[in-house]
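1. Let me see the structure of the following:
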Amino acid sequence: MPASAGDFFGAHTPQFPPKQTIIESEMKMDELIASENLSQEQKISQFKQLFEQRLALSIGKDLDHSDKLDRFRALAFAVRDEMITRWLETQQTYYDVNPKRIYFFSLEFLIGRTLRNSVINLELEDAIGEALDSLGISFEELAEMEWDAGLGNGGLGRLAACFLDSMATLELPAYGYGIRYEFGMFRQSIVNLQQQEFADNWLRYGNPWEIRRTTSKFKVHFMGRIDTYKDREGIQHSEWVDTENVIAVAYDVPIPGFRTKTVNTLRLWAAAATREFNLQTFNDGDYIGAVFGKFHSETISKVLYPNDNNYEGKELRLKQQYFMVSASLQDVLFRMEKCGDDIRNLPQKAAIQLNDTHPSIAIPELMRILVDEKDIPWEEAWDITTNTFAYTNHTVLPEALEKWPVPMLEKILPRHIQIIIEINQRFLDLVSASFPGDFEKRASMSIIEEGQPQNVRMSHLAIVGSFSVNGVAELHSRLLREGVFNHFYQLTPSKFNNKTNGVTPRRWVRLANPGLARLITSKLGEEWIKNLDQLKGLENFIADESFVNDWIEIKRGNKKTLANYILRKCQIEVNQNSMFDVQVKRIHEYKRQLLNILHVITLYNRIRFDQAKDIAPRTIIFGGKAAPGYVMAKKIIHLINSVANLINRDTAINDLLKVVFIPNYGVATAEKIIPGADLSEQISTAGMEASGTGNMKFALNGALTIGTLDGANIEILQEVGQENIFIFGKSAEELVEIKQRGYDPKAIYDNDQELQRILDQIKTGYFSPSQLTLFEPITDNLLNAADPFLVLADYRSYIECQKSVAELFKNEKKWHQTAILNVARMGKFSTDRTIREYASQIWNVEPCPVNNNP
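-> Take a look at the predicted model:
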């Protein structure tokens, strides 16, 4: 007996719109928004029809029998329809005009949630909001149903996402390439005051924004061996044979620009087996073995950042990197061929940007394709390669500069290690000719690092194989030139340049802080959203009492929203009139969350034991993930939560001090935290933070900055003025001098009684009474392991600077006037400016507007 509709939908059969109504409502979404002849009422009416159509045809539900997830997915599909119309027009324009294209290779794209950002960029906000309201549906509630895309971890991935937004907004012909990780890094919970990691199954309900390109597949090779032979002319050739193969399947995500028809592409690769199922093995009774190949192959794109504390994790990470660049280069070259371009003209048709060292294996891969598959002579192939790639460095920390063991490369990518060795030998010949007799310099510049085993220095490979090498802040770029890559700079100074990072104002002000965005627009108009320099006009309103009062009310509203979020997520009630003092970022010793918690304990002791009452009330907010294998970072999270657990329960402290650790920090969480912040903690060890973009996001949202002379803090200082930012601590140069003289953290401990009491409290179990020695490793690291990140060297300066912060906070009007001035002077820190500099100074790529489609 056939099942009835009720068997599928429950007790009530849904009432779908009549078939004819659905067919008649099959409209092109560009009529909804792109048509300037439509009134707002018509747009609202048409979107209602489209939403109900998607709910019925794409989800299989009607309004009465759908839940929030159903409605979110229907809404996402409806918005995607508009993007697809523009997307197709964009791609057609690129094929017709055939401009030089940008290919952005990155192992991370921390794009966060897509719905609200797309709605803003497509200017659908009002029409969608009113259409849903008329149906009794809250747009905000549906937007909260979306999971953060698990495609990245930290600042590198978030920067890549901001770049995609700016490239589309500036109408640049650009493509992002990455991996479609099935699981993100991890979902963080705090259990027993400690970080616990759980699988981030962000694709559990599917991803409505992606489109699987079943015909866009490429074979990626691993393992195998190399056959060499000579042709009739005596020229030697190499062939990579007997390989293990994986299929890379493309998933495309549309990236819309703001107030433009351009919709660019983020192409993500998923790994698939060459054979889904081995029937013979199955028939022989080995049921697990029959699907083992499929499982083994698809592991490559299974998880972001597998734990590389063991050989297997390292091997998987290397496979991920090669998998991404191999598929992406095949796609780039396929597109060239489709456009009728000669591969020898690759540098004239493509600029490939390597986002840190992770994709730098693309350099020997392109050489392999050109030399082995296209039979292009080595010298010509090298000229093509080195005029195609550009490299962005994101760190000066030696331990973060990626290296791969030569034996591992010989096993997994046997042809590539041969090519790398050849590249290195030719490069070292150049070094010897340029610096004759300087064997130390030759060894330091070698791509192959000697040792047991030998390692390939991927940053060196990236520098040698690229025509441009850039840092991401003025200080960072100078440290690259004068420090870690100085010898390379001496050899090829013209390669090195700076491109200071930025953030997209669409997501980080217009989306995250709509109240502030409306206030700014009321005074400056809307052009600032695409031209952030126009924020300078806010300086004219610093003395406008009405404007300042409006500003204060918006900040209070944002703090109320954040306080409610903290109560819901952390079960901690905070004083909304207190200073919201925020440090949210990846947990790492150089970012010095430990210095912040020392200040927390300082305040606690002064209130608890010294009876200090004239203290500005504070809510100190932490957030961030520690890598699963990073023991000290996880110990710091444990300390933060242990200190918070004691302080928040101490009735003697009252509302003067609260400490909060918000779990599972990510893009969506940042959008809630940043608008409510009063103070932004940017306190990394000077010379160790490449740039930072959190500093920019907080400052753009009206938080004042306390920070060191590190990364982009220096350029923020230059823009806003020394009197409008709280700078403390030693400079990078001073810290180098301290280390050279012989840094003695014990002497600082011995000569500072307040600090001494704090470290003794931590060491002896004051904050861990059930396990007295729990945090002894932290104090040992500070006192007996030479305090590698110079926390104690900057402690007293930090504490004194925090006094100045507290004094200004007591003057509410002056505090917010300073915040207004900060926002007004942040125009430089837009990724629109950054991308314009990349496009004109590195990529040599021009805008390709869709409306110029012939």
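2. Strands of the stretch 501-650 of the chain, start to end?
-> Using DSSP state E, counting those that start in this stretch, the strands of the stretch 501-650 of the chain run over residues 579-584, 618-623.
3. As a markdown table, the ones you listed with mean pLDDT would be great.
-> Shown next, in a markdown table, are those (pLDDT from 0 to 100):
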| stretch | mean pLDDT |
| --- | --- |
| strand 579-584 | 98 |
| strand 618-623 | 98 |
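4. okay, the ones you listed in CSV with mean neighbour count next?
-> C-betas here are computed from N, CA, C, even on glycine. Shown next, in CSV, are these (neighbours: other Cβ atoms under 10 Å):
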stretch, mean neighbour count
strand 579-584, 25
strand 618-623, 25
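5. Mind listing what's buried along the host helix or strand of Gly313?
-> Using DSSP states H and E, Gly313 sits in helix 311-338. Buried residues in helix 311-338, defined by neighbour count with 16 or more other Cβ atoms under 10 Å: 314-333, 335-336.
6. what residue ranges in this protein score low on pLDDT?
-> 1-37, 275-296, 306-308, 852-854 (pLDDT under 70).
7. what about the helices in the stretch 501-650 of the chain?
-> 505, 514-524, 545-570, 593-608, 631-647 (DSSP state H, counting those that start in this stretch).
8. same deal with the stretch 101-250 of the chain?
-> Under DSSP H, counting those that start in this stretch, the stretch 101-250 of the chain gives helices at 115-121, 125-134, 139-143, 155-169.
9. check contacts around Ile842.
-> Neighbour list for Ile842: Ala351, Gln353, Ala390, Ser468, Asn470, Asn497, Lys499 [criterion: Cβ atoms under 8 Å, 6 or more residues apart in numbering].
10. nearest to Glu89, of those residues?
-> Ranked by distance to Glu89 (Cβ to Cβ), the contacts of Ile842 are led by Ala351 at 23.2 Å.
11. Make sure that closest one is actually in contact with Ser840.
-> No: contact criterion Cβ atoms under 8 Å: Ala351 and Ser840 do not qualify, at 11.6 Å.
12. Pick out whichever of these two has more residues nearby.
-> Ala351 (25 against 11; other Cβ atoms under 10 Å).
13. neighbours around the spatially closest residue to the more buried one that is not a sequence neighbour, how many?
-> Nearest residue to Ala351 in three dimensions, chain neighbours excluded: Trp843, at 3.9 Å (Cβ to Cβ, 6 or more residues apart in numbering). Close neighbours of Trp843, defined as other Cβ under 10 Å, add up to 23.
14. Surely Trp843 and Ile102 touch.
-> Yes: contact criterion Cβ under 8 Å: Trp843 and Ile102 qualify, at 5.5 Å.
15. Surely Leu409 touches Asn455?
-> No: look at Leu409 against Asn455 with Cβ under 8 Å: they stay out of range, at 9.4 Å.
16. the more surrounded of the two?
-> More crowded of Leu409 and Asn455, by other Cβ under 10 Å: Leu409, with 23 against 19.
17. Find the nearest non-adjacent residue to the more buried one, please.
-> Ile417 is the one closest to Leu409 (Cβ to Cβ, 6+ apart), at 4.1 Å.
18. Look up how far Asp383 lies from that neighbour.
-> As for Ile417, its distance to Asp383 is 22 Å (criterion: Cβ to Cβ, to the nearest Å).
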